[in-house]
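Trainee: Return a 3D structure for these sequence lines:
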Amino acid sequence: ISAYAFFTRDDFKYEQGGYQRAATELFPGAVRDPGLFGSNGFWTMDIDDDIYSAGAGFEWTAIKDKLDFKLDYTFSRAVTNTIPDGDPNLFFAELPELTTTLHSIGLTGEYQLRENLGLRLHYLYEYYDSKDFAQDFVVPNTLLNVITLGNASQDYSAHVVGITLVYGF
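Mentor: Prediction:
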């Protein structure tokens with residue numbers, strides 16, 4: 001029997017900057033003029049991604065050179081926080097966090113029929129759940145003057161079964 005386990009944590013930080021201005025004509029120097037329209041129009045978004053992943057598994061040789069079993073489990077969770085900052089006249093609202101969760105479990109059995117011929121049976125179950133405010137509950141006419149696709153965050157559970165004949169030469 002051999003076994004393994006792991007845990008990882010990733011922390012990503014991003015900063016995005018931009019400029020918003022009124023829908024009037026643009027003339028040289030207008031973007032740099034902080035007094036234009038009573039607002040300097042500059043803004044930033046601080047984005048923080050925290051991702052946790054863990055997994056474990058083992059491989060068991062039930063009959064040497066004849067029958068092997070493998071079991072793998074993986075879990076991952078990601079949380080994204082987006083913090084807007086900028087001129088108060090731009091009316092920033094706090095944004096909800098984005099979350100993604102994944103559970104995956106796989107079981108494999110391999111039986112050696114002959115020295116150069118084996119039969120492998122594999123089963124995989126995966127559960128994926130994502131929550132994204134930019135997609136969930138946003139129908140094509142939610143935003144004024146914007147036509148969206150009406151997509152929702154990805155959520156699924158899947159079962160996969162595979163049978164493989166392994167020939168070595």
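Trainee: List the buried residues in the helix or strand hosting residue 58.
Mentor: Here residue 58 sits within strand 42-63, counting by DSSP states H and E. Buried residues in strand 42-63, defined by neighbour count with 16 or more other Cβ atoms under 10 Å: 42-43, 45, 47, 49, 55, 57. Where you see a C-beta, it was placed from the backbone N, CA and C, and this is true even at glycine.
Trainee: residue nearest the centroid of this protein?
Mentor: The chain has residue 100 as the residue nearest its centroid, 5.5 Å off, counting by Cα atoms, centre = their mean.
Trainee: Residue 64 versus that one, what's the distance?
Mentor: 41 Å (Cβ to Cβ, to the nearest Å).
Trainee: With residue 117 instead?
Mentor: 17 Å.
Trainee: Ok, residue 12 next?
Mentor: 45 Å.
Trainee: Looks to me like residue 136 is in a strand.
Mentor: No. According to DSSP: H, G, I helix; E, B strand; the rest coil, residue 136 belongs to no strand; its state is coil.
Trainee: Return the backbone torsion pair for the closest residue to it other than its chain neighbours.
Mentor: The shortest distance from residue 136 to any non-neighbouring residue, by Cβ to Cβ, 6 or more residues apart in numbering, is to residue 153 (5.3 Å). In terms of degrees, to the nearest 10, the main-chain angles of residue 153 are phi -60, psi 150.
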